[in-house]
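>>> predicted coordinates and the sequence they were generated for:
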Amino acid sequence: MVHSMVVLIQITTLNIAMNSQNRALLIILLSNNFVEIKGSVFKKFEKKNLYQISCSDIRERFQFIVLLLMVIIRNMTELGWKMDNFVACLPDAFLIIVSEIVVDWTKHAFITKFNEIPMTVYQDYTYSLAYDFATSQLENDVSIRY
């Protein structure tokens, strides 16, 4: 229940930020991403912790894209599904997604640099995630057959 309310508040805030003539709320939302850098840049991390951070960033980015799509769909429904209105929403959505990517990239660059973690660790993370996904799908297939 609490999580649902938090997501609803996030969607509402994002909707207000994108539809407002005053860009102050959008700027606050974007600058809030930089708090994430400040909180994790100079801390000691192991590979296991970096894996958890990477998974969290993936989930956060996916959630942000879904929230943006919900706001755009809501705006398009409200404004009559005109292409001009869709194009008007794209710059703000693009700015939000790009700022999230830049902040995550900067955060990971600092963490790997200061903790002397090789960049090849991300390839290991990719293999681990792919293996986890494949085995979860295999378990689902087996349970469906029997």
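Sure thing, it's come through.

>>> can you show me the helices along this protein?
Under the criterion DSSP state H, the chain carries helices at the ranges 2-19, 24-40, 47-79, 83-114, 121-145.

>>> redo the ones you listed as TSV? Include mean neighbour count.
Any C-beta I mention is one placed from the backbone N, CA and C, and that applies to glycine too. Output for those, formatted as TSV (neighbours: other CB atoms under 10 Å):
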stretch	mean neighbour count
helix 2-19	14
helix 24-40	14
helix 47-79	14
helix 83-114	15
helix 121-145	11
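
>>> possible to save those helices as a markdown table with mean pLDDT?
Shown next, in a markdown table, are those (pLDDT from 0 to 100):
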| stretch | mean pLDDT |
| --- | --- |
| helix 2-19 | 84 |
| helix 24-40 | 77 |
| helix 47-79 | 90 |
| helix 83-114 | 88 |
| helix 121-145 | 78 |
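
>>> which residue is nearest the centroid of this structure?
Arg61 (1.3 Å; CA atoms, centre = their mean).

>>> residue contacts, that one?
Going by CB atoms under 8 Å, 6 or more residues apart in numbering, Arg61 touches Ile97, Glu100, Ile101, Asp104.

>>> how close does it sit to Ile9?
Counting by CB to CB, to the nearest Å, the separation of Arg61 from Ile9 is 19 Å.

>>> hang on, the earlier thing: ok, the contacts of Arg61 vs Gly39, which is closest?
Proximity of the contacts of Arg61 to Gly39 (CB to CB) peaks at Asp104, which lies at 12.9 Å.

>>> how far away is the residue nearest to that closest one when sequence neighbours are not counted from Lys113?
Of all residues beyond its chain neighbours, the one nearest Asp104 is Asp57 (4.9 Å), with distances taken as CB to CB, 6 or more residues apart in numbering. Between Asp57 and Lys113 the distance is 17 Å, computed by CB to CB.

>>> understood, closing this out.
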